[in-house]
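Colleague: Turn this into a structure:
(one chain, ligands or ions: 2)
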Amino acid sequence: MKIRTDLPLLSAVIAIALTSSPLVSAAKRPPNILVILADDLGIGDVGCYGNDTIKTPNINRLAAGGVKLTHHLAAAPMCTPSRAAMMTARYPARYGLVPNERLETVVIPHISSKVALPLDEVTLATALKAANYTTALVGKWHLGMYCNLFGLSCPGPLKHGFDTFYGIPVTLFMEFRGPHPFWECNIQDPAFQKLAFTWLLTVVTLVISKSKLKLRLFTLILLLLLTHTFLFAWWFVATHVGLGKGSLWGVSNWLHRAANSKIFRQDKVVESPIELDGLSQRLAAESRQFLADHAKNDRPFFLFHSMAHVHTPMFTAPYRAGLSKHGRYGDNIEEMDESIGVLLDSLKEFGLEDDTLVYFTSDQGGHLEAIDDDGQRIGGHNGRFKGGKAQGGPEGGIRVAGIYRWPGHLPKGAVVDTPTSLMDLMPTFLDLAGLPPLKELVPSAANKDLDGRSIADLLTQGDVSPPKERIMIHHCRQAIRAVRLVRGDHIYKMYVGKVKWHEGSTQCGWGHTTGCACYGEEFHRDISHEPELYDLSFDPYEDEPIDPSSTEYKEIVAFLQDYLKEWKSSVYYPDPPMSNIPDVMWRPHYQPMCWSC
Ligand SMILES: *[C@@H]1O[C@H](CO)[C@@H](O)[C@H](O)[C@H]1NC(C)=O
Ligand SMILES: *[C@@H]1O[C@H](CO)[C@@H](O)[C@H](O)[C@H]1NC(C)=O
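Modeller: Ligands and ions are numbered 1, 2, ... in the order given. Alright, predicted model coming up:
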């Protein structure tokens with residue numbers, strides 16, 4: 001048994017001896033769970049992962065009190081699929097919550113979009129609700145809102161096991177900064193020329209008809225109203241709806257903000273547009289209140305605190321702005337860390353620290369290309385790992401911070417280097433908490449193959465040598481781009497497709513909507529006929545592929561190619577709704593409104 005710890009070896013051994021299984025005696029109430037998820041946080045942005053200029057004292061404190069995972073992997077390099085995978089322990093390609101090459105929409109774009117996590121998928125919240133937990137989501141959801149007609153109810157997370165929801169239904173978008181102009185008319189544009197001509201024609205026709213047909217004034221006003229309602233609708237669509245209207249998401253910037261910058265409580269809008277400054281503090285206060293309210297309950301709780309930071313746009317409460325050494329992005333990290341501090345302090349204050357398992361991670365790596373309007377970088381830093389957000393395969397997009405803490409049950413200040421996944425959360429937690437496996441807890445999960453597995457033994461006992469054999473597939477959208485094999489003391493990674501980086505960098509240009517795509521000549525190289533193989537156990541930064549003429553290469557590549565062939569023939573990937581335009585586009589008749597804002 002190998003375990004690295006900042007404490008003397010003896011105390012680690014004692015800690016483990018004290019915590020040997022059974023982890024929870026049957027009679028005891030299972031532990032609470034607090035999951036803290038960062039958005040787009042680069043692994044190189046965190047103090048305890050080696051950043052010495054950004055201040056993350058609270059994440060560092062969490063790591064010092066628990067187990068830090070150094071090889072922790074997201075199942076996807078984008079929000080929607082990565083979050084779906086974390087919540088279900090399954091690759092999102094299995095249920096179509098990823099786009100394919102047909103469409104550029106890589107996440108759910110609108111509250112009123114039809115696409116959502118299928119209702120027969122079982123999330124961690126559903127599982128814990130079945131185990132009699134009180135479940136709450138505070139913060140970002142982004143797995144679909146299931147709005148009904150006129151958006152009168154958009155239950156979103158309430159359909160997936162959460163008792164309560166307060167937060168952001170989709171995600172933050174740059175357009176949320178606003179305000180954006182509503183009245184716009186570009187007379188150079190042929191669509192507007194047609195509109196202007198039709199308007200002129202209508203007015204002239206009405207004026208002539210009035211005198212020729214001797215219309216009554218009342219009729220004239222009625223006709224004017226009718227024709228102008230029609231012309232307004234025409235103008236509105238020409239200005240605000242459709243691709244190429246300014247925003248990436250099939251609507252104008254104005255409409256995007258008006259339709260999607262909203263905070264929900266349960267299934268209703270309570271704030272619109274979102275007041276960004278202070279949002280981080282408001283979310284933290286909401287979670288703190290939840291902890292206060294449930295500290296004395298008989299039932300254990302699952303609180304999912306899903307932060308808005310450090311996704312673009314950058315925003316910081318005025319009292320924190322300009323404090324970091326790394327501009328607006330650094331300020332966002334430090335503000336995020338502050339809210340983690342609020343949660344950790346609340347656990348302590350309400351006497352919940354020892355009964356609560358805390359898990360912290362990020363949905364994907366930092367967005368290398370993101371820059372603000374003034375050219376300032378607003379994306380994360382993935383340390384020495386190559387690539388970033390949106391790139392399926394390269395380490396920088398998927399290798400993220402990961403910390404588990406449960407005082408008295410998991411060793412303090414331990415480090416686990418064995419590869420683990422965000423998808424391991426559900427099986428691991430059920431295992432650690434002494435709860436039945438998912439299929440027993442939720443009978444409808446019987447036919448669901450899980451891609452995550454329990455890492456309870458790694459967390460309690462540390463790295464073992466050699467680790468259990470494990471294979472992980474890395475998708476970019478729906479396509480398989482790389483596969484990782486943990487075998488003996490090796491961690492092989494085979495690429496069958498690679499993004500084309502810009503010369504001298506590991507990114508694809510600049511811009512907050514820029515990312516390397518997984519398809520198309522410009523961004524992507526198909527190398528499935530001659531895969532690249534790395535051994536991350538001694539080449540963690542993927543500097544030098546293994547020589548294709550070596551026996552090691554031939555043996556491992558043949559094994560993994562067979563594995564992928566078998567996988568593709570036995571695992572069904574449905575045609576993804578996320579690539580179906582009617583499923584992702586803005587649907588006005590399902591648009592929720594705020595009636596009390
Ligand atoms: C710390 O993070 C900042 C912001 O992302 C980055 O610019 C800097 O290079 C990082 N420092 C180290 C030592 O990784
Ligand atoms: C949840 O509560 C019900 C009713 O009190 C009980 O029958 C059931 O066994 C509990 N489930 C678990 C997993 O504890």
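Colleague: When you work out contacts or count neighbours from here on, use the C-alpha atoms and nothing else.
Modeller: Will do.
Colleague: Just want the residue of the stretch 301-450 of the chain that's nearest ligand 1.
Modeller: residue 381 (4.4 Å; Cα to the nearest ligand atom).
Colleague: Which parts of the stretch 201-350 of the chain are strands?
Modeller: Applying DSSP state E, counting those that start in this stretch to the stretch 201-350 of the chain gives strands spanning 263-265, 268-271, 301-306.
Colleague: Quick check: which of those is nearest to residue 69?
Modeller: Nearest to residue 69, of all the strands of the stretch 201-350 of the chain, is strand 301-306, at 19.5 Å by Cα to Cα.
Colleague: That closest one pairs with which strands, parallel or anti?
Modeller: With DSSP bridges as the test, strand 301-306 is paired with strand 32-38 (parallel), strand 134-140 (parallel).
Colleague: how about the CA coordinates for the first one, as PDB?
Modeller: Listed next in PDB are the C-alpha coordinates belonging to strand 32-38 (Å, rounded to 0.1, in the frame of the first residue of the first chain):
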ATOM      1  CA  ASN A  32     -24.700  14.000   4.300                       C
ATOM      2  CA  ILE A  33     -23.100  14.900   1.100                       C
ATOM      3  CA  LEU A  34     -22.000  18.300  -0.200                       C
ATOM      4  CA  VAL A  35     -20.900  18.400  -3.800                       C
ATOM      5  CA  ILE A  36     -19.200  21.700  -4.900                       C
ATOM      6  CA  LEU A  37     -18.800  22.000  -8.600                       C
ATOM      7  CA  ALA A  38     -16.700  24.800 -10.300                       C
END
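Colleague: Could you list the residues in contact with it?
Modeller: 300-310, 340, 355-363 (Cα atoms under 8 Å, 6 or more residues apart in numbering).
Colleague: ok so, going back, most tightly surrounded among the strands of the stretch 201-350 of the chain?
Modeller: Greatest average neighbour count among the strands of the stretch 201-350 of the chain goes to strand 301-306 (a mean of 24), per mean count of other Cα atoms under 10 Å.
Colleague: Can you say which helix or strand has residue 483 in it?
Modeller: Using DSSP states H and E, residue 483 maps to strand 479-487.
Colleague: Now do that strand, average pLDDT.
Modeller: Averaging pLDDT along strand 479-487 gives 97.
Colleague: Any buried residues in that strand, and which?
Modeller: 479, 480, 481, 482, 483, 484, 485, 486 (16 or more other Cα atoms under 10 Å).
Colleague: ok, so what distance separates the third one from residue 133?
Modeller: What that stands for is residue 481. For residue 481, the distance to residue 133 equals 38 Å [Cα to Cα, to the nearest Å].
Colleague: Any idea how many residues pack against the residue in the stretch 51-200 of the chain positioned nearest to ligand 1?
Modeller: Closest approach between the stretch 51-200 of the chain and ligand 1, counting by Cα to the nearest ligand atom: residue 51, at 4.2 Å. Close neighbours of residue 51, defined as other Cα atoms under 10 Å, add up to 15.
Colleague: isn't it right up against residue 42?
Modeller: No - using Cα atoms under 8 Å, residue 51 is not in contact with residue 42; the gap is 10.5 Å.
Colleague: Can you say which helix or strand has residue 493 in it?
Modeller: Going by DSSP H and E, residue 493 is in strand 490-495.
Colleague: Just the CA coordinates for that strand, please, in CSV.
Modeller: Taking C-alpha atoms only, strand 490-495 is exported to CSV below (Å, rounded to 0.1, in the frame of the first residue of the first chain):
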residue,chain,number,x,y,z
HIS,A,490,1.4,2.1,-16.9
ILE,A,491,-1.2,4.7,-17.9
TYR,A,492,-1.5,4.4,-21.7
LYS,A,493,-3.5,6.9,-23.8
MET,A,494,-4.2,6.2,-27.4
TYR,A,495,-5.5,8.9,-29.7
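Colleague: What residues does this structure have near ligand 1?
Modeller: Listed as neighbours of ligand 1 in the chain under the rule Cα under 6 Å from any ligand atom: 44, 45, 51, 52, 53, 54, 326, 330, 380, 381, 383.
Colleague: Show me the domain layout of this protein.
Modeller: Under the assignment automatic domain parsing, the domains of the chain span 40-176+259-391+401-463, 190-240.
Colleague: which of these is buried the deepest?
Modeller: domain 40-176+259-391+401-463 (a mean of 22).
Colleague: model confidence over it, on average?
Modeller: 97.
Colleague: End to end on that domain, go ahead and measure it.
Modeller: 27 Å.
Colleague: what do you get for stretch 208-220?
Modeller: Its start and end residues considered, stretch 208-220 measures 11 Å (Cα to Cα).
Colleague: give me the number of residues near residue 395?
Modeller: 26.
Colleague: For it, list the residues it contacts.
Modeller: 385, 386, 387, 388, 541.
Colleague: biggest separation within these, which pair?
Modeller: 388 and 541 (12.9 Å).
Colleague: Residue 452 contacts residue 424, correct?
Modeller: Yes - contact criterion Cα under 8 Å: residue 452 and residue 424 qualify, at 4.2 Å.
Colleague: overlap in contacts of these two?
Modeller: residue 89.
Colleague: before we move on, back to that, want to throw the strands of the stretch 201-350 of the chain into TSV with distance to residue 288?
Modeller: Shown next, in TSV, are these (distance: least, Cα to Cα, whole Å):
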stretch	distance to residue 288
strand 263-265	16
strand 268-271	19
strand 301-306	10
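Colleague: for these, which one sits closest to residue 236?
Modeller: strand 268-271 (23.6 Å).
Colleague: mind listing what the closest one pairs with, with the direction of each?
Modeller: strand 263-265 (antiparallel).
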